[in-house]
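Undergrad: requesting a structural model of the entry that follows:
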Amino acid sequence: MGQLPVSLELALDGVAAAVLLVLVALALLVLRRRFLSRRGGTFDCSMRLRPAAANPRTGQGWTLGIARYSGDILEWYRVFSYSLRPKRVLGRRELQVVDRRDPQGAEVFSLLSGAVVVRCVGEGGPVEFAMNEDTLTGFLSWVESSPPGIPAP
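TA: Sure thing, here's the model as predicted:
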C-alpha cells in the first residue's frame with residue numbers, strides 16, 4: 001500500500017484534532033456538572049429570565065440549567081457553560097411563587113419532558129422555572145420553609 005497524499009494526511013490530522021477538541025469540551029462539561037453536584041441539593045431546572053417579554057406559546061427564552069440549594073439561596077447554573085459561578089442567585093426570603101402551569105405551545109418542545117412551569121417573583125423581578133413534578137414538590141417546600149428561629153416571609 002502506498003502513502004497518503006500530504007493534503008489528505010493534513011486533512012485527516014485536522015479532523016482528528018477537531019474530534020479530540022470536541023471530546024475534551026464535552027468531558028469538561030461533565031466534570032463541571034459532577035463538581036457542582038458533589039455537595040448535593042442539585043436538580044435539573046430550566047429558567048426563563050425575562051418571562052414578561054416572552055410569549056409562552058413560542059417557547060423562547062428558556063435556558064437549560066442546574067439549580068442547587070445552598071442554605072437560604074438557590075444558585076442556578078447554565079448547563080452549557082464552563083463557569084463555576086452561578087448565573088443567577090435567588091434568596092429564599094425574596095422569592096415568592098406566583099403561579100404554576102403546564103407548558104404551552106412550543107414550550108413543550110423547549111423544556112424537558114414532564115416539566116411544570118412555575119412563575120416566581122424575586123428581588124430581581126419575575127422569573128420562571130421549569131422542573132419535573134417531584135422536584136417542584138421539594139422546591140415549593142424549600143421556598144415555604146425557613147431556618148429555625150427565623151419567621152417565614
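
Undergrad: so which helix or strand takes in Leu12?
TA: helix 6-37 (DSSP states H and E).

Undergrad: and after that helix, which helix or strand comes next?
TA: That would be, after helix 6-37 and using DSSP H and E, strand 42-44.

Undergrad: wait, what's in contact with Ile81?
TA: Quick fix: residue 81 is Ser, not Ile. 32, 87 (Cβ atoms under 8 Å, 6 or more residues apart in numbering). Yep, even glycine has a C-beta here, placed from its N, CA and C like the rest.

Undergrad: in a helix, it, correct?
TA: No. Assigned with DSSP: H, G, I helix; E, B strand; the rest coil, Ser81 falls outside any helix and is coil.

Undergrad: next, it: phi, psi?
TA: Torsion angles at Ser81 (phi, psi; degrees, to the nearest 10) stand at phi -150, psi 150.

Undergrad: give the contact list for Phe80.
TA: 29, 64.

Undergrad: what about it, distance to Arg50?
TA: 19 Å (Cβ to Cβ, to the nearest Å).

Undergrad: likewise Gly40?
TA: 30 Å.

Undergrad: likewise for Val127?
TA: Val127 is 9 Å from Arg50, by Cβ to Cβ.

Undergrad: neighbour count for those two, which is higher?
TA: Val127 (19 against 12; other Cβ atoms under 10 Å).

Undergrad: may I see the buried residues of the helix or strand containing that one?
TA: Secondary structure assigned from DSSP H and E places Val127 in strand 125-132. For strand 125-132, burial by neighbour count (16 or more other Cβ atoms under 10 Å) applies to 127-132.

Undergrad: in the chain, which residue is most central in space?
TA: Gly65 (0.6 Å; Cα atoms, centre = their mean).

Undergrad: so what's it up against?
TA: 44-47, 76-79, 87.

Undergrad: among these, which ones are buried?
TA: Buried among those (16+ other Cβ under 10 Å): 45-47, 76-77.

Undergrad: so Arg78 sits right up against Thr63, yeah?
TA: Yes. At 5.9 Å, Arg78 and Thr63 qualify as touching, with contact defined as Cβ atoms under 8 Å.

Undergrad: okay, now the domains of the protein?
TA: 1-38, 40-144 (automatic domain parsing).

Undergrad: can you give the distance of the last one from its chain's centre?
TA: Spelled out, that is domain 40-144. 8 Å (Cα atoms, centre = their mean, to the nearest Å).
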